[in-house]
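Trainee: Please find the sequence and the predicted model below.
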Amino acid sequence: MYGWAAAGLVLAVLPFYLDRFWLQAGLFAMAAALGAIGINLLTGATGQLSMGHAFFLAVGAYGYCAFAGDGTDGLAGLGLPGWLAAVLAVALSGVAGGVFSPIAGRLRGAYLGIATLALIFIGQHVLFNAHDLTGGYNGRAVPPLSLFGLTFDDSELLVAQVPFGAVEKLWYLGLVLLLAGVVFARGVLRGRPGRAMNAIRDHRIAAGVMGIPVARYRSSVFVLSSMYAGLAGVLLALVFQRTVPEYFGMALSLEYLAMIVIGGLGSVAGAVAGGVFVSLLPQLLNRYSDALPLVSAPGTGGIAPGEASRYLYGAAVVAVVLFLPGGLARLAARRPGRARKPSHPMNPTNPTHPTPPDTSSTEPSGEAR
């Protein structure tokens with residue numbers, strides 16, 4: 001408890017000491033963590049493979065621009081208040097997921113992955129060609145968010161004699177959104193929905209026999225995952241201050257899959273850790289490319305930071321699959337001092353000896369039948 005309080009205090013005071021680069025990198029990590037939580041609920045907890053997560057991030061980002069834009073830039077916009085536009089953008093992502101959810105409720109594994117892959121191609125076509133809505137190749141500017149009379153733009157606000165710009169203001173918004181996303185996801189996984197999702201992931205037929213509506217749960221989790229992605233897209237748009245279609249492509253969906261594998265499938269904390277790792281790595285490589293061997297700034301020869309980060313993602317995924325199946329979350333669970341669960345149930349008459357397994361109901365082998 002005290003450790004969490006100390007971590008929260010440190011995160012709260014960071015805008016007073018860090019420069020714009022580190023705060024912006026932290027905001028990218030928060031947005032990535034939100035999106036990773038969403039896809040981890042779908043893939044890690046329910047066992048549904050999705051390759052179209054980037055599509056729903058794009059829906060959230062461009063939906064916010066369309067709802068909040070006032071049309072002065074020649075692009076479509078409703079001119080709604082920023083907070084309302086953000087809520088509607090997240091809801092729009094959920095609607096998009098709901099339209100696709102009947103397919104998600106009936107397909108599984110590679111079949112669902114291929115079906116969601118089509119969303120990327122459809123989304124890229126729309127983003128590049130719907131010029132009046134998306135701005136085409138050049139994208140569109142993102143209107144600043146206004147909430148409770150505070151505008152999250154670069155107009156300076158003095159707080160304890162420290163000038164707060166857009167990044168500093170968005171830092172606290174990102175913390176609140178990430179905390180809310182973590183708490184809600186943990187509540188889902190620890191309750192009855194989480195147990196049903198895990199049962200569907202482990203054995204779909206057995207879950208149906210137990211009375212769990214498999215198709216309905218799969219559809220619902222797909223919608224929830226889409227809304228998490230939409231929220232991450234809104235936060236990304238506010239940080240970038242401009243939406244670009246190329247960003248929401250196949251590579252982004254693969255990065256989100258790498259996040260949950262590296263962090264730990266089915267773990268909220270693992271999703272956050274994986275999101276922070278994958279989002280911060282290319283930025284750190286770009287920042288310190290001059291001091292790293294074989295890594296150089298883009299266009300100057302050698303390995304670009306983006307390429308180097310993808311190599312490291314791949315190496316991390318292979319290492320996790322081979323040596324740490326539970327990801328970073330499992331590594332944290334192995335810390336010294338944590339009590340280990342017994343591998344066998346205890347004998348109530350003699351707790352020092354485990355109860356022998358009950359073999360009375362063991363089925364005969366196939367040869368004996």
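Mentor: Sure thing, it's come through.

Trainee: what ranges do the helices span in the stretch 1-150 of the chain?
Mentor: 2-13, 20-39, 53-68, 82-106, 110-129, 131-134 (DSSP state H, counting those that start in this stretch).

Trainee: To Ala229, which of those helices lies closest?
Mentor: helix 53-68 (3.6 Å; CB to CB). (Each C-beta comes from the backbone N, C-alpha and C, glycine too.)

Trainee: so that closest one versus helix 110-129, what angle?
Mentor: Interaxial angle, helix 53-68 versus helix 110-129 (axes from the mean of the first three to the mean of the last three CA atoms, to 10 degrees): 40 degrees.

Trainee: helices or strands up against helix 53-68?
Mentor: With contacts taken as 3 or more CB pairs under 8 Å, 6 or more residues apart in numbering; DSSP states H and E, helix 53-68 sits against helix 20-39, helix 82-106, helix 110-129, helix 131-134, strand 140-141, helix 214-240, strand 242-243, helix 250-263.

Trainee: could you give the mean pLDDT of that helix?
Mentor: Average pLDDT, helix 53-68: 95.

Trainee: angle of it against helix 250-263?
Mentor: If you take the same axes, to 10 degrees, helix 53-68 sits at 120 degrees to helix 250-263.

Trainee: Dump helix 53-68 to PDB, restricted to CA.
Mentor: These are the backbone C-alpha positions of helix 53-68, laid out as PDB (Å, rounded to 0.1, in the frame of the first residue of the first chain):
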ATOM      1  CA  HIS A  53      -6.700  -3.100 -32.700                       C
ATOM      2  CA  ALA A  54      -5.100  -0.100 -34.500                       C
ATOM      3  CA  PHE A  55      -8.400   0.400 -36.400                       C
ATOM      4  CA  PHE A  56     -10.300   1.200 -33.200                       C
ATOM      5  CA  LEU A  57      -7.500   3.500 -32.100                       C
ATOM      6  CA  ALA A  58      -8.000   5.400 -35.300                       C
ATOM      7  CA  VAL A  59     -11.800   5.500 -34.800                       C
ATOM      8  CA  GLY A  60     -11.200   7.100 -31.400                       C
ATOM      9  CA  ALA A  61      -8.600   9.600 -32.600                       C
ATOM     10  CA  TYR A  62     -10.400  10.700 -35.700                       C
ATOM     11  CA  GLY A  63     -13.800  10.500 -34.000                       C
ATOM     12  CA  TYR A  64     -12.600  13.000 -31.400                       C
ATOM     13  CA  CYS A  65     -11.400  15.300 -34.200                       C
ATOM     14  CA  ALA A  66     -14.700  15.100 -36.100                       C
ATOM     15  CA  PHE A  67     -16.800  15.700 -33.000                       C
ATOM     16  CA  ALA A  68     -14.700  18.600 -31.600                       C
END
